[in-house]
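# Could you work out the structure for the sequence below:
(2 chains, ligands or ions: 1)
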Amino acid sequence: MADFNEENVRRDVRDWLKANWDPNAKLVDWRNKLADSGWGVPHWPVEWYGKGLPVSLGQVVDDEFARANAVGVAKTGIRMLAAATLLEHGSDFHKDRFLRRILTGEDTWCQLFSEPGSGSDLAGATTRADFDGDNWIINGQKLWTTSAHHAQFGLLLARTDWDEPKHKGLSYFVLAMEQSGVDVQPLRQMNGHASFNQVFFTDAKIPPEHLVSTEGNGWQVAMTTLAHERRGAGGLHGTSREGPRKGNIYDEERAEIATVMEPYKWYPQRAGRVDLIVERAKATGTITDSHIRQEIAKLLILSKSAEWTARRARAAQQQGRPQGPEGSLGKLAASNIARACAHVHTLITQTDVMLTGQESPLGGTIAEILVSVPATSIAGGTDEIQRNIISERVLGMPKEPRFDTGPFRDVPRNIVT
Amino acid sequence: MDYSFTDEQEQFRSIVQRFLKEKSPTSEVRRLMETEEGYDPNVWRQLSEDLGLPAIPIPEAYGGAGFGPVELGIVMEELGRSLLCAPYFSSTVLAANAILNTAFESQKLDLLPAIASGERLATLAVTEPNGRWDAAGIECIASPTADGFQLSGTKSFVLDGCLADLLVVVARNPGSAGFEELSLFTLAGNADGVTRRALAPMDATRKLAHIEFNNAQATLLGDLGAGFAPLSKTLDQAAVALANEMVGGAQALLEAAIEYAKMRMQFGRAIGSFQAIKHKCADMLLDVELAKSAAYHAAQVASEDDPDTSALASLAKAAASDAYVRTAATCIQIHGGIGFTWDNDTHLWFKRAKSSEAFLGLPSYHRELLMQQWGG
Ligand SMILES: Cc1cc2nc3c(=O)[nH]c(=O)nc-3n(C[C@H](O)[C@H](O)[C@H](O)COP(=O)(O)OP(=O)(O)OC[C@H]3O[C@@H](n4cnc5c(N)ncnc54)[C@H](O)[C@@H]3O)c2cc1C
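Numbers count the residues shown, from 1 in each chain, chains lettered A, B, ... in the order given. Here you go, the predicted structure:
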C-alpha cells in the first residue's frame, strides 16, 4: 500500500480537485466521479470507491474539499450506517448493488429496527421473515423509522427462528421500500412534528440474495449498525462549508439536504438549547434575579463539565488509549442538561410559558424546547438503560437476572395488535 | 381542621367523577381542544343544570349552592383529572369569586345568578403582556367619565377571554402605581372599545385571549380604589383551586404510569418489575400525596377564612405545580417512546402541567410569597 502522509494526501486531493471540480456539474455525475476517484470516501477500501486511507487522514481531505468549496458524496441520513454495515458484513453482490447509489444520493435508506414491542429490548423484535422457497416474506411492524416515506431501501431486523434464544433467531435484510407489502404511516410526536414513521409489512417480499450475512446472524450485524450510529455516523450531518455557493450543484445539494434534514428540525430543541439561556435572561431582565442566576450557573456548570468530559473521552480515543468511564456518560449527562434547560427556560420565560407558536418567545422556539426535551431521556436508549449499561459494563456490578434466555417463542411479551 | 372528607363530600366526588368519565374521555378533550371555543355547550349545560357545578362556590342568596373551597376543590381535582374542556376556572373560580369579594350587594344580586346557573360565562382579566401576577404589575387605566369609567390598556393570558359574555377587569386610577388605587370593573365581552384576539396556548385545552381596551365603557364593582384586598383574596382562592386541579391531573398521570408499568413487557418481564421503574413510581406517589395534602389543607383553611390562607394558598400552588410537572415528565419516561407521541394521552396532561406551572405565577414566585408571610 502507498505510503500515506499528510503532505502527499493534501497535494493529491488538491490537484485532483483542481482538475475536476465543477460547480455547474450535475450532482449525480459529480458524485459518480468522486466514487470512481476514491476521494468521496477516502477511508473506504480501494476496491469499493475509497483509497484505503487511515481514518485520521480523512480530515485532510475534508479540509481540502472545504477549501475548494466542493460538494462531497451524500452523507446525510441513515445511508452511512447502511454503507458501513454493508462494507463490514455485505457480500460483493451487496456492495456492488448498493454502495455507489448510496454515495451518489440516488438511494435513500432507513433503519427498520425498533418496534412497538421492542424498544429498549431491541432484540425482542417480532417482525417475522419466513422463506417460502423463493423469497423471504415479511410481516409485522416497525416504529420510529425516520425517512421511511422517501427511502428506497431499509435495513431490516426480523425474526427468522422462533425456537432459538432471542438474539440468535434474528436475521438482517435489505428491504426494498417501494413495494405493495410495505405501508408507511407518519407518526406525530407530542411537539407536533411528524419526523418518524410507522412501517407495516403485509407479505412484503425480499429476494434471498438480500439477506445480509447469514441467517440467524442478524443481531451481530445490527450491532455494527448501532455502533456506527453511536459514533454519530448517521443522521445529523450538515455541511459546514463557508464561502459563496453559486452553481447548479449547490442548488441540487441544498434541495437534498432540505428533504433529508427535515425530520431533524427540532432536534436542537430537544437538547434544551443551553446556548440561548444567558441571552434570554438578559433580554427578559431576569438576569438580575438572584435565584435565577443560581439556576443558570448550575446549568452552565453542568453543561461545561459534560462538554469537557466528552473531550477527555475523545482525547483518549485519539491517543489510542482504552476508553475510560467518561465515554459512557455523555448520553446521561445530556438528559440532565436537557431537563435543567427546560427548568431554567421556564424560570426565565415565566407567564409566556403558557404560549406557543409564532407569537410566543423566540417565535415558538422556547415552547418547542419545553415540549421536545422529554425525548432526550428516551431516544437512542433511555436513561434507565444507560444507567444499567454504566453500572454493569463500566462499574462491573452484578448483572440483573434474566427472564428471556430460553427459546424466543416462550419469552413473555406483549401482543401488539 | 379536618383531614378527611365527609361521606357527603365523597359522594359528591363520585357523582362528579362519573359525569366527567362519561363526558370527558380524552377523545372529547382532543376534539374540543382543536375548536376555537374549546368547550361543548351541551356538556356545559348538563354540568350546570344536572350537577349545578357553576353554583358551587356561590352563596344561595345569589342563586348559588352555597358550598365552599373544599367542595370547589373536589370539583377542581376531578376536572384536573379528566381535563374537561370547559370555562369553569374562568367563570366559576375567577370571575364569580372576584365579584363576590368586590361587589356591592345589589351588583352581586345582579351578576351572580346567571353565572351560578351557567348561562353567563364570565372571566377575570388581571395579567397584562408583562405576565406579572402581582397587583403592582397592572398598568390598565380606568378614567372617570360622566356616567362611569373608561378602560384603556391591554390584558393578556385571559382565560376564555374570547368566549366570555362578561369581563371583570382590574385597572388602576390614572397616575397611580403599586398596590394602591386599584379597582375592578365589569363590561360585556363584546362592548365597544374591546378588541379580543385568541392567543396560541401551549395547553390547547385552556383557551387564552389577548384583550385591548380602547376607552371602553365599564362599570365599577364596589368602591373605587379598594380593589387590592379583594383581588388578592380572589387570586388566593384561585391558587387553592388550581392546586387542587393540579393534584387531580397528577393523580391521573400517576395511575396511567403505574398501569403501563405493570402491563408493558421488555426483556421478558413487566417493566414495573425493574427497580428503576418501581422506585420512580414510589417517588411519584410520594410527590402526589404530599401535594394533595397541601392542596386539601389550603382548601380547608380557605373555607374557615383563616388569616394564614394566603400563605397556604401559595404553599399549595408551589407544591402542586412542582409535583405535577415532575409527575408528567416521569409518566412520559415510563412510557418510553410511546409517551412522546401525539396519540398517547400523556402529553395532554404534560402541557396542562407546564401551563399551570406558570398560570397565577411560577412556583418560585409563590415560594417567595410564602416566605414574605412566614419568614418576615
Ligand atoms: C424522539 C425519538 C426518536 C427516536 N428515534 C429512533 C430512531 O431513529 N430509530 C429507532 O430505531 N428508534 C428510535 N426511537 C425509539 C427509541 O429508541 C425507543 O423509544 C427507546 O429505546 C425506548 O424504547 P421503548 O419506547 O420501547 O420504551 P420501553 O423499552 O418500553 O421502555 C419503557 C420504560 O421502561 C424502562 N425500561 C425498559 N427496560 C428497562 C430495564 N432493563 N431496566 C430499567 N428500566 C427499563 C425504560 O427506561 C422506560 O422508562 C426514537 C424515540 C424517540 C422518542
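# where do the helices sit along the stretch 101-250 of chain A?
Listed in chain order, the helices of the stretch 101-250 of chain A (DSSP state H, counting those that start in this stretch) span A:218-230, A:248-261.
# Just name the most buried of those.
helix A:218-230 (a mean of 19; mean count of other CB atoms under 10 Å in any protein chain shown). No exception for glycine: its C-beta is placed from N, CA and C like everyone else's.
# returning to that earlier point: any chance of the helices of the stretch 101-250 of chain A in TSV, with mean pLDDT and distance to A:Phe403 too?
As requested, the helices of the stretch 101-250 of chain A are exported to TSV (pLDDT from 0 to 100; distance: least, CB to CB, whole Å):
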stretch	mean pLDDT	distance to A:Phe403
helix A:218-230	92	18
helix A:248-261	90	40
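# so which of those gets nearest B:Gly38?
If you check each of those against B:Gly38 by CB to CB, helix A:248-261 wins as the nearest, at 35.1 Å.
# CA atoms of the closest one as CSV?
In CSV, the C-alpha atoms belonging to helix A:248-261 read as follows (Å, rounded to 0.1, in the frame of the first residue of the first chain):
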residue,chain,number,x,y,z
ASN,A,248,-26.2,24.1,-10.2
ILE,A,249,-24.6,21.6,-8.0
TYR,A,250,-25.2,23.6,-4.8
ASP,A,251,-28.8,24.1,-5.6
GLU,A,252,-29.2,20.3,-6.0
GLU,A,253,-27.4,19.7,-2.8
ARG,A,254,-29.4,22.2,-0.9
ALA,A,255,-32.6,20.6,-2.0
GLU,A,256,-31.3,17.2,-1.0
ILE,A,257,-30.3,18.4,2.5
ALA,A,258,-33.7,20.2,3.0
THR,A,259,-35.5,16.9,2.3
VAL,A,260,-33.3,14.7,4.3
MET,A,261,-32.8,17.0,7.3
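# Would you mind putting the helices of the stretch 101-250 of chain A into a markdown table with distance to B:Leu47 alongside?
Below are those laid out as a markdown table (distance: least, CB to CB, whole Å):
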| stretch | distance to B:Leu47 |
| --- | --- |
| helix A:218-230 | 51 |
| helix A:248-261 | 48 |
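# between the ones you listed, which gets nearest to A:Asp15?
Here helix A:248-261 is closest among the helices of the stretch 101-250 of chain A (CB to CB), at 20.1 Å.
# So what's the gap between that closest one and the chain middle?
Relative to its chain's centre, helix A:248-261 lies at 19 Å (CA atoms, centre = their mean, to the nearest Å).
# show me what contacts the residue in the stretch 1-150 of chain A that the ligand sits nearest to?
Sorted by distance to the ligand under CB to the nearest ligand atom, the residues of the stretch 1-150 of chain A start with A:Gly119, at 1.7 Å. By CB atoms under 8 Å, 6 or more residues apart in numbering or on different chains, the residues touching A:Gly119 are A:143, B:266, B:336-337.
# how does it look with 6 Å?
B:336-337 (CB atoms under 6 Å, 6 or more residues apart in numbering or on different chains).
# And B:Met265, by the same measure?
B:Met265 neighbours (CB under 6 Å, 6+ apart): A:412-414.
# Kindly report the same for B:Ile58.
B:64, B:96, B:112, B:116.
# The second one: how many residues sit nearby?
Right, the one you point to is B:Ala96. Residues within reach of B:Ala96, counting by other CB atoms under 10 Å in any protein chain shown, total 29.
# What separation do you get for it and B:Leu231?
Separation of B:Ala96 from B:Leu231 (CB to CB, to the nearest Å) stands at 14 Å.
# Around chain B, pick out the residues from the stretch 301-417 of chain A.
For the stretch 301-417 of chain A, the contact set with chain B under CB under 6 Å from any CB of the partner chain comprises A:350-357, A:367, A:370, A:374-375, A:377-378, A:384, A:403-404, A:411-414.
# of these, list those near the ligand.
With the criterion set as CB under 6 Å from any ligand atom, the members of those near the ligand are A:375, A:378, A:384.
# before we move on, the earlier item: are any of the residues of the stretch 301-417 of chain A next to chain B buried, and if so which?
Neighbour-count burial within those applies to A:350-356, A:367, A:370, A:374-375, A:377-378, A:384, A:404, A:411, A:413; the criterion is 16 or more other CB atoms under 10 Å in any protein chain shown.
# Among those residues, which lie within strands?
If you go by DSSP state E, those have nothing in strands.
# I'd like to know which of these are part of helices.
A:367, A:370, A:384 (DSSP state H).
# Scan chain A for its longest helix.
helix A:290-318.
# what comes up buried for it?
Per 16+ other CB under 10 Å, helix A:290-318 contains these buried residues: A:292, A:295-296, A:299, A:302-303, A:306, A:309-310, A:313.
# Indicate which one of the helices of the stretch 101-250 of chain A is closest to the ligand.
Using CB to the nearest ligand atom, the nearest of the helices of the stretch 101-250 of chain A to the ligand is helix A:218-230, at 8.3 Å.
# Could you tell me how far the closest one lies from the centre of the chain?
With CA atoms, centre = their mean as the basis, helix A:218-230 stands 12 Å off its chain's centre.
# Need the residues that contact that helix.
Residues external to helix A:218-230 that are found in contact with it (CB under 6 Å, 6+ apart): A:81, A:84-85, A:88-89, A:123, A:157, A:167, A:170-172, A:212-213.
# what do you get if the cut-off is 8 Å, keeping everything else the same?
Under CB under 8 Å, 6+ apart, the answer for helix A:218-230 is A:80-82, A:84-85, A:88-89, A:111, A:113, A:122-123, A:155, A:157-158, A:160, A:167-168, A:170-172, A:212-213, A:234-235, A:380.
# what residue ranges in the chain score low on pLDDT?
Chain wasn't specified; assuming chain A. By pLDDT under 70, the weakly predicted segments of chain A are A:1-3, A:232-243, A:327, A:416-417.
# which parts of it sit against the ligand?
A:111, A:113-114, A:119-120, A:144, A:146, A:375, A:378-382, A:384-385, A:388.
# Please produce a ChimeraX select command covering the buried subset of those residues.
Per 16+ other CB under 10 Å, the buried members of these correspond to this ChimeraX selection:
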select /A:111,113,114,119,120,144,146,375,378,379,381,382,384,385,388
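# Which of the residues of chain A next to the ligand sits closest to B:Glu180?
Set against B:Glu180, the nearest of the residues of chain A next to the ligand by CB to CB is A:Ala375 (48.1 Å).
# ok, for that closest one, nearest residue in space, not its chain neighbours?
Leaving aside its chain neighbours, A:Ala375 sits nearest to A:Arg270 (4.6 Å; criterion: CB to CB, 6 or more residues apart in numbering or on different chains).
# Could you do B:Thr145 as well?
B:Gln217 (7.4 Å).
# Assign that neighbour to one of the three secondary structure states.
Here B:Gln217 is recorded as strand under DSSP: H, G, I helix; E, B strand; the rest coil.
# Please report how far the residue located most distally from the centre of chain B lies from B:Ile334.
Note on chain B: the largest C-alpha distance from the chain mean falls to B:Gly268, namely 43.5 Å (CA atoms, centre = their mean). Plainly put, B:Gly268 is 18 Å away from B:Ile334 if you go by CB to CB.
# B:Val93 now?
B:Val93 is 31 Å from B:Ile334, by CB to CB.
# do the same with A:Val184
According to CB to CB, A:Val184 stands 28 Å off from B:Ile334.
# Could you check which of these two is surrounded by more residues?
Per other CB under 10 Å, whichever of A:Val184 and B:Ile334 has more neighbours is B:Ile334, with 26 against 19.
# wait, that one sits on B:Ala270?
No: at 11.6 Å, B:Ile334 does not count as touching B:Ala270 under the criterion of CB atoms under 8 Å.
# Which parts of the chain belong to which domain?
Chain wasn't specified; assuming chain A. For chain A, the structural domains run A:6-73+A:237-260, A:89-99+A:108-231, A:268-381, going by automatic domain parsing.
# meant chain B actually
Using automatic domain parsing, chain B is parsed into the domains B:7-117, B:122-226, B:229-373.
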